[in-house]
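Asks: Dropping the sequence and predicted coords here.
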Amino acid sequence: MLTQLNNLPKTENDFFVHESAIVDPGCEIGSGTKIWHFSHIMSNSVIGENCNIGQNVVVSPGVVLGKNVKVQNNVSIYTGVNCADDVFLGPSMVFTNVINPRSAINRKDQYSKTNVGKGASIGANATIVCGHDIGEYAFIGAGAVVTKTVLPYALVVGNPAKQIGWVGEYGHRLVFDSNGIATCPESNQQYKFENNYVTRIT
């Protein structure tokens with residue numbers, strides 16, 4: 001399996017691929033990235049620096065992952081999905097890329113795009129229905145089924161997923177005062193809630 005790596009047009013070779021994993025030709029793998037047992041990185045995918053790809057992960061052709069993306073076991077990332085830096089994909093979460101799949105009808109030219117913003121986390125066994133972007137630092141609860149776009153810093157749970165609050169960049173729930181200001185208990189970062197949007201102000 002490792003001999004396949006010799007065909008990669010990479011500029012760095014300081015990433016790790018377990019001997020049971022497959023990396024197809026034409027992929028770009030960033031330095032410091034680790035790809036674990038039985039995973040398959042398909043052609044023309046781009047994996048950024050310092051990513052961790054767990055066991056039994058499939059990355060379909062043309063997928064782009066930013067830097068420091070953590071993909072837990074049993075995740076399939078289908079064509080049309082792009083993940084920015086620092087995204088966390090929990091165990092066995094699911095992306096889709098076709099709205100109305102039929103086995104007998106080829107819809108490879110109809111893949112929908114799903115963009116996952118910087119720092120977002122998607123919990124174990126969650127499902128992201130294609131065509132709905134996940135905002136920066138949003139937090140998707142375990143088992144949630146996302147059927148619409150999620151705002152930056154939003155906390156959503158359930159099936160179908162509903163927003164129940166906001167979280168900061170460290171993943172703590174934000175509690176806003178009468179002036180619309182919240183402070184993260186871990187980082188002391190401050191956030192402002194205004195016009196149904198949250199922005200970090202310090």
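Replies: Alright, I've got the coordinates.

Asks: What count of nearby residues applies to residue 126?
Replies: Counted with other CB atoms under 10 Å, residues neighbouring residue 126 total 24. Where you see a C-beta, it was placed from the backbone N, CA and C, and this is true even at glycine.

Asks: Pull up the gap between it and residue 152, please.
Replies: To residue 152, residue 126 is 18 Å away according to CB to CB, to the nearest Å.

Asks: Please apply the same query to residue 49.
Replies: As defined by CB to CB, residue 49 lies at a distance of 24 Å from residue 152.

Asks: what's across from residue 165 in the sheet?
Replies: residue 155 (DSSP bridges).

Asks: residues contacting it?
Replies: 154, 155, 173, 174 (CB atoms under 8 Å, 6 or more residues apart in numbering).

Asks: My read is that the first one contacts residue 139, right?
Replies: Yes. Taking CB atoms under 8 Å as the definition, residue 154 is a contact partner of residue 139 at 7.4 Å.

Asks: Now do the shared contacts for the two.
Replies: residue 167.

Asks: Give the residue farthest from the middle of the chain.
Replies: residue 178 (33.6 Å; CA atoms, centre = their mean).

Asks: quick one: secondary structure of that residue?
Replies: Following DSSP: H, G, I helix; E, B strand; the rest coil, we place residue 178 in the coil state.

Asks: hmm, back to that, who wins for neighbours among the contacts of residue 165?
Replies: residue 154 leads the contacts of residue 165 on contacts (other CB under 10 Å) with 24 neighbours.

Asks: Let me know the pLDDT of that residue.
Replies: Residue 154 is assigned 98 on the pLDDT scale.

Asks: got a list of what it touches?
Replies: By CB under 8 Å, 6+ apart, the neighbours of residue 154 are 135, 138, 139, 163, 165, 166, 167, 198.

Asks: Test my guess that the second one contacts residue 150.
Replies: Yes. The pair residue 138 / residue 150 is scored as a contact, 4.7 Å apart, by CB under 8 Å.

Asks: Give me the common contacts of these two.
Replies: residue 156.

Asks: picking that back up, and of the contacts of residue 165, the nearest to residue 202?
Replies: Residue 202 lies nearest to residue 174 out of the contacts of residue 165, by CB to CB, at 13.2 Å.

Asks: ok, that closest one touching residue 153?
Replies: Yes. Taking CB under 8 Å as the definition, residue 174 is a contact partner of residue 153 at 7.3 Å.

Asks: Tell me the residues that contact both of those two, please.
Replies: 166, 167, 168, 191, 198.

Asks: can you pull the pLDDT of the closest residue to residue 107 other than its chain neighbours?
Replies: In this structure, residue 107 finds its nearest non-sequential neighbour in residue 98, 5.1 Å apart by CB to CB, 6 or more residues apart in numbering. At residue 98, the pLDDT value in this model is 93.

Asks: same question, residue 128
Replies: Predicted confidence (pLDDT) for residue 128: 98.
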